[in-house]
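**Student:** Give the three-dimensional model of this entry:
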Amino acid sequence: MLFYFHFHNGVLTPDEEGRSFPDRAAALRAAQQDALGLAAAYVRQGYLDFSHYVEVTDSSGNCLFKVTFRDVVDVIGFTPGT
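**Tutor:** Model prediction:
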C-alpha cells in the first residue's frame with residue numbers, strides 16, 4: 001500500500017512520491033520515527049514546537065493519522081513555571 005507523509009510545521013511540506021508499506025501499522029511506525037527524527041533536528045537547532053506533526057494520507061488524500069512531536073517525545077524533569 002502507498003502512504004504519503006506530509007510534514008506540517010506552520011508550512012505544509014507535501015510528500016509527492018509516497019512510500020510503500022504492507023499495512024497501516026507499519027506506516028504508523030514509520031511516521032512515528034519520522035516525527036522523532038524531525039523533533040531531534042529541531043532540538044539540535046535549540047527549540048522544539050509540539051504543534052508540528054506528520055500527517056499520513058492514503059493515495060486519495062484521506063488523512064489516516066497524524067503524529068505530533070508531543071506523541072513521540074516524553075518531557076521529563078521539567079516543571080512548568082519554574
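**Student:** What separation do you get for the residue most central in space within the chain and R24?
**Tutor:** In the chain, the residue lying closest to the centroid (Cα atoms, centre = their mean) is V54, at 2.9 Å. Shown here: V54 relative to R24, a distance of 14 Å by Cβ to Cβ, to the nearest Å. Placement of C-beta: from N, CA and C, glycine included.
**Student:** so what's the residue nearest to the centre of the chain up against?
**Tutor:** Each residue near V54 by Cβ atoms under 8 Å, 6 or more residues apart in numbering is listed here: 5-8, 31, 34-35, 38, 66-67.
**Student:** could you point out which element follows the helix or strand containing A41?
**Tutor:** Using DSSP states H and E, A41 sits within helix 24-44. Downstream of helix 24-44, the next assigned helix or strand under DSSP H and E is strand 53-57.
**Student:** after that following strand, next one along is what?
**Tutor:** strand 63-68.
**Student:** Please name every helix or strand in contact with the helix holding A41.
**Tutor:** strand 2-8, strand 53-57, strand 63-68, helix 69-72 (3 or more Cβ pairs under 8 Å, 6 or more residues apart in numbering; DSSP states H and E).
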